[in-house]
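K.L.:
I'd like to go over a predicted model; first the sequence, then the structure.
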Amino acid sequence: MAEQWQKHDMDFLGGQRLRRTRRTAWSRAMVRETTLTPSDLIWPLFVIEGHNEKTAIRTMPGVQRLSVDLCVEAARQARDAGIPALALFPNTPDHLRSENGAEAYNPDNLMCRALSAIKSAVPEIGLIADVALDEYSSDGQDGLVRDGEILNDETVAVMIKSALVQSKAGADIIAPSDMMDGRVGAIRAALDDNGFEQTQIMAYAAKYASYFYGPFREAVGSGSRLQGDKRTYQMDYANSDEAMREIEQDIAEGADSIMVKPGLPYLDIVRRARDSFNIPIYAYQVSGEFAMIELAAAAGAIDRKGSILESLHAFKRAGANGVLSYFALEVARDLGK
């Protein structure tokens, strides 16, 4: 009976045994469909005031906010590890936050000083500047608020001014993360009109109203002051077709690349975008995803390094050109060994 089953089984397989190519490490490497290199990684940094200052983030084990001088050193480390770009996020001091977010377009604000210092010291590395008001507002919202309503066009006007001072300070890529309608086209026009035709726009085109952002909001100091929620402008996590409309609109308005955020819970969006649009696509392995891996590994539930690599390969397999990840420096160094 066993012999008959084996013969029938091999007849059914037609002689194919897919496990043959998985049998050895060299063979697995030879047929591997997805590769991960340091150039696929973007390293987010949180910037604070001071000199030689670093502060821990309670919900992001191992990640620290860095003063501008330490961000410069981090940029050198990233460059040496083969990481092509950094994404900067400021933790603006409380006394500079306001309802109108005016600090966002102060040419001497924390973000601009960090951009200028890094670009001067490490010109080889790309700099991605976040454009949104939550890092400057007293209410933690990404847009201006009037009577509880997030104002779209008025917010876009402020974001234009913010994008211009960031570009002048050395930003190579402007990354509007607010999800206001029309902001990509408005920023593109303003950049072109002011001599920044070569400055790229990486649009957070499909940014969802997610529960995975909590540690990030702590890192930039907006979480504890957030009034209300962001569901009237960030996307409903139940929707997929809407994301395609958002991406299509941002491309039409002049985006050079697009972002899907969060990452792993939205790989279906990354895949749909890759199948639908011929544009560079990035995904953000957000703070909550980072924290889950770190905390699960600390509890002994998963293998830390293996889980990190598996998660990053998943982004590439789904079709992302690159990934923003807090693991970027560690992984880039490991890959370079």
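P.N.:
Sure, I can see it.
K.L.:
residue 32 versus the nearest residue to residue 177 once chain neighbours are set aside, what's the distance?
P.N.:
In this structure, residue 177 finds its nearest non-sequential neighbour in residue 204, 4.2 Å apart by C-beta to C-beta, 6 or more residues apart in numbering. Where you see a C-beta, it was placed from the backbone N, CA and C, and this is true even at glycine. The gap separating residue 204 from residue 32 is 31 Å, by C-beta to C-beta, to the nearest Å.
K.L.:
also residue 209?
P.N.:
36 Å.
K.L.:
read off the pLDDT value for residue 57.
P.N.:
Listed pLDDT for residue 57 reads 95.
K.L.:
thought it was touching residue 48?
P.N.:
No. The criterion here is C-beta atoms under 8 Å, and residue 57 misses it with residue 48 at 10.8 Å.
K.L.:
ok, the two, which is more surrounded?
P.N.:
For the pair residue 57 and residue 48, the greater number of neighbours falls to residue 48 (23 against 20), based on other C-beta atoms under 10 Å.
K.L.:
quick check: bridge partners of the nearest residue to the more buried one once chain neighbours are set aside?
P.N.:
Spatially, and ignoring its direct neighbours in sequence, residue 48 is nearest to residue 65 (4.4 Å; C-beta to C-beta, 6+ apart). Listed by DSSP bridges, the beta-bridge partners for residue 65 are residue 46, residue 55.
K.L.:
tell me, how many residues neighbour residue 65?
P.N.:
Counted with other C-beta under 10 Å, residues neighbouring residue 65 total 24.
K.L.:
just the pLDDT for it.
P.N.:
Reported pLDDT for residue 65: 97.
K.L.:
what's the answer for residue 217, then?
P.N.:
With respect to pLDDT, residue 217 has a value of 89.
K.L.:
and stretch 300-313, which residues are buried?
P.N.:
Of the residues in stretch 300-313, 307, 308, 309, 311, 312, 313 count as buried by neighbour count, 16 or more other C-beta atoms under 10 Å.
K.L.:
looking at this, the first one is in a strand?
P.N.:
By that I understand residue 307. No. Applying DSSP: H, G, I helix; E, B strand; the rest coil, one finds residue 307 to be helix, outside a strand.
K.L.:
ok, and the closest non-adjacent residue to it?
P.N.:
In space, residue 307 is closest to residue 293, 5.3 Å off (C-beta to C-beta, 6+ apart).
K.L.:
check the fourth one too.
P.N.:
Counting by C-beta to C-beta, 6+ apart, residue 264 is the residue found nearest to residue 311 once chain neighbours are left out, at 6.1 Å.
K.L.:
that neighbour: neighbour count?
P.N.:
As a burial measure, residue 264 scores 19 neighbours (other C-beta under 10 Å).
K.L.:
quick one on the thing from earlier: so the residue nearest to residue 307 is in contact with residue 306, correct?
P.N.:
No. Assessed by C-beta under 8 Å, residue 293 is found out of contact with residue 306, at 10.2 Å.
K.L.:
what's the helix or strand that contains residue 71 packed up against?
P.N.:
Per DSSP states H and E, residue 71 falls inside helix 68-81. Applying 3 or more C-beta pairs under 8 Å, 6 or more residues apart in numbering; DSSP states H and E, one finds that helix 68-81 contacts strand 41-48, strand 85-90, helix 110-121, helix 328-335.
K.L.:
any idea of the mean pLDDT for that helix?
P.N.:
Computed over helix 68-81, the mean pLDDT rounds to 98.
K.L.:
residues in contact with it: which ones?
P.N.:
Applying C-beta atoms under 8 Å, 6 or more residues apart in numbering, the set of residues contacting helix 68-81 from outside is 38, 43, 45, 47, 51-54, 66, 86, 88, 110, 113-114, 117-118, 121-122, 124-125, 328-329, 332-333, 336.
K.L.:
where do the helices of the stretch 51-200 of the chain begin and end?
P.N.:
Along the stretch 51-200 of the chain, the segments classed as helices by DSSP state H, counting those that start in this stretch run 68-81, 110-121, 152-169, 183-193.
K.L.:
now distance to residue 98 and mean neighbour count too, for those helices, in TSV please.
P.N.:
Output for the helices of the stretch 51-200 of the chain, formatted as TSV (distance: least, C-beta to C-beta, whole Å; neighbours: other C-beta atoms under 10 Å):
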stretch	distance to residue 98	mean neighbour count
helix 68-81	22	19
helix 110-121	15	21
helix 152-169	11	21
helix 183-193	20	20
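K.L.:
and residue 218, which of the three is it?
P.N.:
helix.
K.L.:
look up how far residue 59 lies from it.
P.N.:
6 Å.
K.L.:
just residue 86 next, same as before
P.N.:
For residue 86, the distance to residue 59 equals 22 Å [C-beta to C-beta].
K.L.:
so for the two, which sits in the more crowded spot?
P.N.:
Taking neighbours as other C-beta under 10 Å, residue 86 and residue 59 compare with residue 86 leading, 26 against 19.
K.L.:
quick check: bridge partners of that one?
P.N.:
Counting by DSSP bridges, residue 86 forms beta bridges with residue 43, residue 127.
K.L.:
worst-scoring helix or strand of this protein, pLDDT-wise?
P.N.:
Here the helix or strand of the chain ranked lowest by mean pLDDT, DSSP states H and E is helix 2-13, holding a mean of 57.
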